[in-house]
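Visitor: next comes the sequence, and after it the predicted model I'd like to discuss.
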Amino acid sequence: MATFEEQTECVVEALFSDLLGGDESDCRSLETDLGVRCAVPEPEQSAEELRTKFDPVVIASRLRRMGDQCNMDFESVSSEALAEVLKGKMEKFGSAVETLSQSWCDQNPELVYERAFLCVSVKLLMHVIKKVSAMVQPIQLIKAINGNSRVRNHIEACGGWENLDN
């Protein structure tokens, strides 16, 4: 079993592949989001095992869907860290996501901070990739997620990445 950090790395790499136009997910989609690949499942696997199987491509699809739920206009937000990120200075990515997530939660008290953090981080990543894709590396998102104990604890409390947003 991979560590949380290793799983995060796999999920973020799959997300980057998806966002940058990779074709890894040709065989999988949200409609078949049970961790089942196009091939016929092995007969000895139970339905429960298929649902809880760690599949970074499927999890990346869930994260992208979460990012799509974020309606924040980054160009109109006043934040020093965000301004740096929008210029391609990605070392401020984690602090920009933290500030934006907290702000979004303050404006929408029904939001759970950890979910807001994941939504904002993916949406900001998508936005920055469109502006300065050469400056964006998976490590920035990996560090942001792994470095936030609240988000990590939330994901682990859900039963791990494979059960996030089920």
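Guide: Done, it's in. Bear in mind the structure is a predicted one, so any value in this text is a computation, not a measurement.
Visitor: just the helices in this protein please.
Guide: Secondary structure of the chain, counting by DSSP state H: helices at 4-19, 47-52, 56-68, 80-86, 93-107, 113-132, 138-146, 149-157.
Visitor: shaky segments in this structure?
Guide: Within the chain, the segments meeting pLDDT under 70 span 1, 22-52, 166.
Visitor: middle-most residue in it, spatially?
Guide: Leu63 (4.1 Å; CA atoms, centre = their mean).
Visitor: do you know how far the residue nearest to it when sequence neighbours are not counted is from Met66?
Guide: Of all residues not flanking Leu63 in the chain, Val122 sits nearest, at 5.1 Å (CB to CB, 6 or more residues apart in numbering). (Glycine included, C-beta is placed from N, CA and C.) The gap separating Val122 from Met66 is 6 Å, by CB to CB, to the nearest Å.
Visitor: what about those two, which has more around it?
Guide: Between Val122 and Met66, Val122 has the larger neighbour count (other CB atoms under 10 Å), namely 25 against 19.
Visitor: contacts only, for the closest residue to Ser79 other than its chain neighbours.
Guide: What sits nearest to Ser79 in space, not counting adjacent residues and going by CB to CB, 6+ apart, is Thr99, at 5.1 Å. Neighbouring residues of Thr99 by CB atoms under 8 Å, 6 or more residues apart in numbering: Ser79, Ala81, Leu82.
Visitor: apply 10 Å and report the result again.
Guide: Val77, Ser79, Glu80, Ala81, Leu82, Lys92, Val120 (CB atoms under 10 Å, 6 or more residues apart in numbering).
Visitor: tell me the two of the residues you listed that are most distant?
Guide: Glu80 and Val120 (16.4 Å; CB to CB).
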